[in-house]
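Visitor: build me a model from this:
(chains A and B)
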Amino acid sequence: MTRRSVAVFDVVPAGRSWLTNSDAPIDDTLLAERIGAGDREALGELYDRYASLALALALRVVTDRFTAEDVVHDAFVAIWQHIDRFDPSRGSLRGWLLTVVRNRAIDRVRGARPTMELGAADEQSLLRTGPNPTWELAIARISAIELRVVLATLPAEQREAIELAYFGGRTYREIARLTGVPEGTASGRLRLGLAKLRDALRVPVEAQPLAVPVGRDAEGREP
Amino acid sequence: MSSSQSDALDCARADELAGATALGALDPDESRAIADHVATCDQPHAELRELLGSDALLALALEPMTPDPALRARVMASVAATPQAHRAAIAPARDSAPSTRRSWLDRSSVGLWRGLAGAAAVVIIALGGWNIGLRQQMAVQDAALSAIADIVIGGHPAYSVTGLAGSGYVIDSDGPGATFVVAGLDELPSGDIYELWLLDAAGTPLAVGTIEVPDPGLAVVALEQDLSGFALFAVTVEAERVDAPTGEPVMLGAISN
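Guide: Predicted coordinates for the structure are as follows:
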């Protein structure tokens, strides 16, 4: 079986556009409230903010531009239709949107029946008790290039496992088969890789206070 | 994962699978088992909770890609035609269960939309390549339409409008108003009409005319509104003239001005 490359985590040359989170809006919660109130313009604003990232994610998974745009379309319509399921206490609207995009893209790759439901995304979010400060703050502060640099420091086998899981939609059992290692090793690589990523991101976060109000997360919400 | 495996899931196993859980790299029943376990377990499972949320970060490593401008219009049109679940639950049904109606632009129309994205050019153009079979069937009709439109409009901007009901053009004019030219519309059940719509970029529809008895040859309809400020033109089938579409479009086209 062909292995997927890990090129997405390689650091790209300077000069490409950076996704700096200084561009990230801080009022996604308000945006979610407006969408929940039936404000279609708010959905349009959400699209304007995140469609390019959603498309990049979908395309990375499905590798076909038309299919990727279908995925993005379906994800935004699903967000509109089921905005009542968004709970800001469990994470950001952007994070939820990207989870929906990824799940739908993986469904396409697997040939799963298309659905407007949000079960998988909900299931994962149910595990969360609140926005994870490490990831939320990292999202708010680092650029795409910086993130790639951090990812590039991970051991290759951990990086590969993370890529196969996240962009390839592979389970750890499938990753074990693909890479020829025991299932425990595959799940361990995912765990260790994410833990190292968390630790790498946590240090500068703690060392350099962010310009967000004390007691609020990076999007200005109460924890 | 078998039910016996699921039943056997304990704290150590849940922690072992923390990374796979965070990345959604579990079989579905295994994922449910972990969610159930964490929901009822009195242990903190700190690492598992800490790793959750990492998926949203990973996407940020990607280079953003600019979507085709038509995608936004398509999303907004679908949104305009899609009731929100929580509102559908409290709103009285306007007709036959609109909350269960499929979106205008769902997968059955995806191919159509692909053609429409290219058909927005301000020229008289042939049908888009969205459906080879349909295009072949309509080639003769479309050629006739193009020729007629060339003569009639004398170079005014025109936008291809296609769909299962037929093919046509929305033709802009120098002054107020616009015209919809269509050939080969299907005959409708008694009482039903074709209703014509303009939608803005936010997907808000405006009724701009009807076709009550389709001419088997060529129908020419003066729209009740000019095209300025609108992004889409659509045709639906309605039981009577209405203020908002009640069904999916049978013809659709992007307009840009």
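Visitor: list the contacts of the nearest residue to A:Ala105 once chain neighbours are set aside.
Guide: By the measure of Cβ to Cβ, 6 or more residues apart in numbering or on different chains, the closest residue to A:Ala105 outside its immediate chain neighbours is A:Val61, 3.6 Å from it. Using the backbone N, CA and C atoms, a C-beta is placed for each residue, glycine as well. With contact taken as Cβ atoms under 8 Å, 6 or more residues apart in numbering or on different chains, A:Val61 is in contact with A:68, A:71, A:102, A:105-106, A:108-109, A:167-169.
Visitor: tally up the residues packed near the residue of the stretch 101-250 of chain B found nearest chain A, please.
Guide: Residue nearest to chain A within the stretch 101-250 of chain B (Cβ to the nearest Cβ): B:Ala202, separated by 5.0 Å. By other Cβ atoms under 10 Å in any protein chain shown, 18 other residues sit near B:Ala202.
Visitor: pretty sure it is in a helix, no?
Guide: No: secondary structure of B:Ala202 (DSSP: H, G, I helix; E, B strand; the rest coil): coil, not part of a helix.
Visitor: give me phi/psi at the spatially closest residue to it that is not a sequence neighbour?
Guide: Among residues not flanking B:Ala202 along the chain, A:Arg40 sits closest, at 5.0 Å (Cβ to Cβ, 6+ apart). Main-chain torsions, A:Arg40, degrees, to the nearest 10: phi -70, psi -30.
Visitor: again with B:Pro249
Guide: Per degrees, to the nearest 10, the backbone of B:Pro249 is at phi -70, psi 140.
Visitor: what's the answer for B:Ala178, then?
Guide: phi -150, psi 170.
Visitor: which of the three states applies to residue 191?
Guide: Since no chain was named, I'll use chain A. helix.
Visitor: ah, no, chain B please
Guide: Quick answer, by three-state DSSP: B:Gly191 is coil.
Visitor: surely it meets B:Ala239?
Guide: Yes: taking contacts as Cβ atoms under 8 Å, B:Gly191 lies within contact range of B:Ala239: 6.4 Å.
Visitor: ok, so of the contacts of A:Val61, who is nearest B:Asp243?
Guide: Nearest to B:Asp243 among the contacts of A:Val61, counting by Cβ to Cβ, is A:Val71 at 32.3 Å.
Visitor: please determine how far that closest one is located from B:Leu51.
Guide: 25 Å (Cβ to Cβ, to the nearest Å).
Visitor: after the helix or strand of chain A with the lowest mean pLDDT, which helix or strand is next? Please name it.
Guide: The least trusted helix or strand in chain A, going by mean pLDDT, DSSP states H and E, turns out to be helix A:119-125, with a mean of 49. Using DSSP states H and E, the helix or strand that follows helix A:119-125 in sequence is helix A:133-141.
Visitor: which other helices and strands contact that next one?
Guide: Contact here means 3 or more Cβ pairs under 8 Å, 6 or more residues apart in numbering or on different chains; DSSP states H and E; on that basis helix A:133-141 packs against helix A:93-110, helix A:183-207, helix B:54-58.
Visitor: how about that helix: buried residues?
Guide: Residues of helix A:133-141 classed as buried: A:134-141 (neighbour count, 16 or more other Cβ atoms under 10 Å in any protein chain shown).
Visitor: A:Thr185: what's it in contact with?
Guide: A:Ala176.
Visitor: what do you get if the cut-off is 10 Å, keeping everything else the same?
Guide: A:157, A:161, A:172, A:175-176, A:179 (Cβ atoms under 10 Å, 6 or more residues apart in numbering or on different chains).
Visitor: returning to what we had before: go ahead and confirm the residue nearest to B:Ala202 touches A:Trp80.
Guide: Yes: counting by Cβ atoms under 10 Å, A:Arg40 does reach A:Trp80; the two are 7.8 Å apart.
Visitor: what do the two both touch?
Guide: With Cβ under 10 Å, 6+ apart, A:Arg40 and A:Trp80 have common neighbours B:76, B:79-80.
Visitor: now that we have the residues you listed, which one has the most neighbours?
Guide: Highest neighbour count within the shared contacts of A:Arg40 and A:Trp80, by other Cβ under 10 Å: B:Met76, with 27 neighbours.
Visitor: and B:Gly191 and B:Ala239? which has more neighbours close in?
Guide: With neighbours defined as other Cβ under 10 Å, B:Gly191 and B:Ala239 compare such that B:Ala239 has more, 14 against 9.
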